[in-house]
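Trainee: structure for this input, please:
(one chain, ligands or ions: 1)
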Amino acid sequence: MPEQSNDYRVVVFGAGGVGKSSLVLRFVKGTFRDTYIPTVEDTYRQVISCDKSVCTLQITDTTGSHQFPAMQRLSISKGHAFILVYSITSKQSLEELKPIYQQVLAIKGNVEAIPIMLVGNKSDETQREVETKDGEAQANQWKCAFMETSAKTNHNVTELFQELLNLDKKRNMSLNIDGKRSGKQSRAERLKGKCSVM
Ligand SMILES: Nc1nc2c(ncn2[C@@H]2O[C@H](COP(=O)(O)OP(=O)(O)OP(=O)(O)O)[C@@H](O)[C@H]2O)c(=O)[nH]1
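Mentor: Predicted structure coming up:
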């Protein structure tokens, strides 16, 4: 029986402090805060266009803590698309995405059919521990798309969400409520030939 819900559920995962909440708040509210307030779980909703109609983009900002494995499993089960965030200032934060990716794989099975974006956030920072090519190589290995972003400077934030939606070929989704996608070839589409984005 096909799912009846009109929600498109995007789940944001990553270690504590990589900027998950900042990315989501920058996208949803256009704001940025310098203070660090750890999240347990927050969900935001936005109306987007979907197959000539509208649907709700539901974004779940998960905790960076490892204390809630059951919540993590539930979020994966319910998610349609996933954003895996590390900070370019922390190699460890990229390492910490590996078990999360493995869990997505274990629960969802065929990950190549699922929109996943690997995101290196804090691209404005100069103390870089993860080179862009290393992020790209990881995305290549996981057969997912890749972007670097900065929630602080608003670099690639809207693009991140639009390209994630573009990766879902089953639905014609756009952040623009008039339903028109940009005529320009998206970065995800350009990357397709280059690094086997779905
Ligand atoms: N320089 C810089 N700092 C950022 C950026 N994004 C977030 N930060 C800062 O990083 C810290 C942590 O950001 P959060 O968005 O709370 O991180 P989180 O991943 O949601 O953390 P948890 O809730 O613990 O999982 C805050 O002090 C933010 O201001 C960014 O793009 N650049």
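Trainee: which element is the most centrally placed residue in the chain on?
Mentor: What sits nearest the mean C-alpha location of the chain, by CA atoms, centre = their mean, is residue 83, with 2.1 Å. Counting by DSSP states H and E, the secondary-structure element that holds residue 83 is strand 81-87.
Trainee: residue 148: how many residues sit nearby?
Mentor: 19 (other CB atoms under 10 Å). Quick note: C-beta positions are derived from backbone N, CA and C, even for glycine.
Trainee: doesn't residue 124 make contact with it?
Mentor: No - with contacts defined as CB atoms under 8 Å, residue 148 does not count as touching residue 124, sitting 9.9 Å away.
Trainee: which residues are in contact with both of the two?
Mentor: Counting by CB atoms under 8 Å, 6 or more residues apart in numbering, the contacts common to residue 148 and residue 124 are residue 155.
Trainee: tell me where the protein has helices.
Mentor: When secondary structure is read from DSSP state H, the chain shows helices at 20-29, 69-78, 91-95, 97-108, 132-142, 157-167, 187-195.
Trainee: which one of those lies nearest to the ligand?
Mentor: The ligand sits nearest to helix 20-29 of all those, at 3.4 Å, using CB to the nearest ligand atom.
Trainee: how near is residue 53 to residue 176?
Mentor: As judged by CB to CB, to the nearest Å, residue 53 and residue 176 stand 14 Å apart.
Trainee: same thing with residue 43?
Mentor: 22 Å.
Trainee: try residue 157
Mentor: In this structure, residue 157 lies at 16 Å from residue 176, with CB to CB as the measure.
Trainee: ok, residue 108 next?
Mentor: Applying CB to CB, the value for residue 108 to residue 176 is 28 Å.
Trainee: of these two, who's got more company?
Mentor: residue 108 (16 against 12).
Trainee: fine, thanks again, bye for now.
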